[in-house]
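Chemist: Sequence first, then the predicted structure, then my questions.
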Amino acid sequence: MEDSEDHEEKPQQLPVVEESSPPEHLRSPLETPAEGVLENREKTDSKPLGGGCNKTVFIELKDDGSGVFKPKNGERGGLRMGVEAGTYFRRERAAYLLDRFLGFDLVPPTVVREIDGEVGSFQQFIPDAKTVIQLEPSELNEVALKQQRIKLWIFDYIIYNSDRHLGNFLVKDGKVYAIDNGLSFGDDIGVKGYFFDAPIPLEMVEGIEKFLSWEEGRKICEDLLRELLNPEEVAACMGRIKRIAGIIRQYGKVPLESELGF
């Protein structure tokens, strides 16, 4: 008698398909060593900073280095029209990336990372820096600082930063640092007309022209921004850069508000 098991139909063996790992995020060709420190070094200590609407934490890193961490879960909603809570941390990173591609050197190195189970933006801490409110009157009148603030004002127009005030940028050794960029790239513009009829700093003119003529870099920049913002926000930002370039070519300076129509 034949063994019935010899004739039993066995289930078809399907080929094993290995799961592919998710694609890595694009890397910026202008990435700095400081970004690597912020992304990879272990936290050794932390303390809440407070003082703003959203949660901020000062983080010390192993083997030197520190930064300000703003977790996604600590973002307060309803602060600006067109900028939803849960997206501020990505906008902080987007502002830094755009600053790097434009060569303005305003935004401290900023990355997105996870710390203690929370995802958020992590920006390099600038020791011994002051807000404008803390500066002496003589320091406020320095020509170099005024030029830096004109750069910041134009950059804020490009990123549509609706939250720039005297406590939301730092000054150290005559250099301005643009912090607190989470309420950027939205619909509500908060750029104030402080510097109309003023010359545009040469390094800003050169940076914008270089960016617009660098086709490959501009494409990479747009792709990086689309990982953080929606396509409409990226397109609007690129349009504002082109508008600033047109103003530079036509006027050679920031014209009067009545001429410019910001």
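Modeler: Received the coordinates, thanks. Note that the structure is a prediction, hence the values are computed from the model and not measured.
Chemist: would G67 count as being in a strand?
Modeler: Yes: secondary structure assignment (DSSP: H, G, I helix; E, B strand; the rest coil) places G67 inside a strand.
Chemist: What are the buried residues along stretch 60-79?
Modeler: Residues of stretch 60-79 classed as buried: 61, 66-72, 74-75, 79 (neighbour count, 16 or more other Cβ atoms under 10 Å). Just so you know, the C-beta spots here come from the backbone N, C-alpha and C atoms, and that holds for glycine as well.
Chemist: Wait, I154 touches M204, no?
Modeler: Yes: counting by Cβ atoms under 8 Å, M204 is a contact partner of I154 at 6.3 Å.
Chemist: Out of these two, name the residue with the larger neighbour count.
Modeler: Just comparing I154 and M204: by other Cβ atoms under 10 Å the higher neighbour count belongs to I154, 23 against 20.
Chemist: Identify the residues contacting the helix or strand hosting the more buried one?
Modeler: Following DSSP states H and E, one finds I154 within helix 143-159. For helix 143-159, the surrounding residues in contact (Cβ atoms under 8 Å, 6 or more residues apart in numbering) are 94-95, 98-99, 102, 104, 106, 139, 161, 164, 169, 171, 174-176, 178, 181, 184-185, 189-192, 194-195, 198-201, 203-204, 237, 240-241, 244, 254, 262.
Chemist: re earlier: which single one of the buried residues of stretch 60-79 is nearest to R27?
Modeler: Nearest to R27 among the buried residues of stretch 60-79: G67, at 19.7 Å, using Cβ to Cβ.
Chemist: just to revisit the earlier point, tell me which residues of the helix holding I154 are tucked away?
Modeler: Across helix 143-159, burial judged by 16+ other Cβ under 10 Å covers 145, 147-159.
Chemist: From the residues you listed, pick the one nearest R27.
Modeler: Distance to R27 across those (Cβ to Cβ) is lowest for I159, with 21.4 Å.
Chemist: and the gap between that closest one and Q123?
Modeler: Using Cβ to Cβ, to the nearest Å, we find I159 at a distance of 15 Å from Q123.
Chemist: swap in P33?
Modeler: Taking Cβ to Cβ as the measure, P33 and Q123 are separated by 15 Å.
Chemist: out of these two, which sits in the busier spot?
Modeler: Applying other Cβ under 10 Å to P33 and Q123 shows that Q123 carries more neighbours, namely 25 against 8.
Chemist: picking that back up, and the buried residues of stretch 60-79 as a markdown table, adding pLDDT and distance to L224?
Modeler: Output for the buried residues of stretch 60-79, formatted as a markdown table (pLDDT from 0 to 100; distance: Cβ to Cβ, whole Å):
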| residue | pLDDT | distance to L224 |
| --- | --- | --- |
| L61 | 97 | 24 |
| S66 | 97 | 25 |
| G67 | 97 | 20 |
| V68 | 97 | 22 |
| F69 | 98 | 21 |
| K70 | 97 | 20 |
| P71 | 97 | 22 |
| K72 | 96 | 19 |
| G74 | 94 | 24 |
| E75 | 93 | 21 |
| L79 | 85 | 25 |
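Chemist: mind putting those residues in TSV, distance to P29 included?
Modeler: As requested, the buried residues of stretch 60-79 are exported to TSV (distance: Cβ to Cβ, whole Å):
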residue	distance to P29
L61	25
S66	26
G67	23
V68	26
F69	26
K70	26
P71	28
K72	27
G74	32
E75	30
L79	33
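Chemist: and the longest helix seen in the chain, what's its mean pLDDT?
Modeler: Identified as the longest helix of the chain according to DSSP state H is helix 231-251. If you average the pLDDT over helix 231-251, you get 93.
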